[in-house]
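> Compute the structure for the input listed below.
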Amino acid sequence: MTEPEMTADDVQGLLALMDSLGVRAWLDGGWAVDACLGSQTRPHADLDVVVQEHDVPAVTVALRERGYRPVPRDDTRAWNFVFGDDEGHQIDFHVIALDEDGHGVYGPPENGESYPAPALAGVGRIGGRDVACISPEWLVRFHTGYAVDAEDWADVSALCERFGIPIPDDYQRFR
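Okay, the predicted model is just below:
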């Protein structure tokens, strides 16, 4: 059996839902990479999306009405959780609170994690639609500091080549 895939139509459907709710959302992860590159480069098992904390109740209610439910995971937190449907589609939420400088504080402030304002300034395209997404430079930065794999390399190398970004040290073994 093949794994469910989040298609460009699925992404556009979720973004249309966000628009109808008045929710600002930014694509993150693999779909953000593809948005920055302007085309889908590989299948995606899920959709990573950044939303503001105050929008979480409206988004989760709307998704529950469409058959989505929380997907239990060991790393589930109020600021990072997954919703999925019976078909296996999964949406991985990254929840932020925008501060006065436009930085997206991710999790408790004492953790010191954030989406810097320039990271939230990306614009890409999915299926002919302009979408807000994590900027290419920050997508590359966010793809470091862990055990990277060939899929990460494909994403990072494409972004680096397209946008003239230096390849991070984490990827030297792939060169």
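
> Report the separation between the spatially most central residue of the chain and residue 86.
Nearest to the geometric centre of the chain sits residue 28, at 2.0 Å (Cα atoms, centre = their mean). Distance, residue 28 to residue 86, by Cβ to Cβ, to the nearest Å: 24 Å. In this view, the C-beta of every residue, glycine as well, is placed from N, C-alpha and C.

> Which parts of this structure are helices?
For the chain, helices defined by DSSP state H occupy the ranges 8-21, 29-37, 56-65, 136-142, 150-163.

> Quickly compare those helices and say which is most buried.
Among the helices of the chain, the stretch with the highest mean neighbour count (mean count of other Cβ atoms under 10 Å) is helix 29-37, at a mean of 24.

> Let me know the average pLDDT across it.
Averaging pLDDT along helix 29-37 gives 98.

> Repeat that for stretch 85-100.
pLDDT averaged over stretch 85-100 gives 96.

> low pLDDT regions in the chain?
Residue ranges of the chain with pLDDT under 70: 1-3.

> Quick one: residues in contact with the lengthiest strand in the chain.
Longest strand of the chain, by residue count under DSSP state E: strand 90-98. Applying Cβ atoms under 8 Å, 6 or more residues apart in numbering, the external contacts of strand 90-98 come out as 4, 6, 14, 28-29, 45-54, 56, 59, 63, 68, 71, 78-84, 104-106, 114-115.

> if we can go back for a sec, and the residue lying closest to the residue nearest to the centre of the chain once chain neighbours are set aside, how many residues sit next to it?
Distance criterion Cβ to Cβ, 6 or more residues apart in numbering; nearest residue to residue 28, sequence neighbours excluded, is residue 48 at 4.0 Å. Residues lying near residue 48 (other Cβ atoms under 10 Å) number 22.
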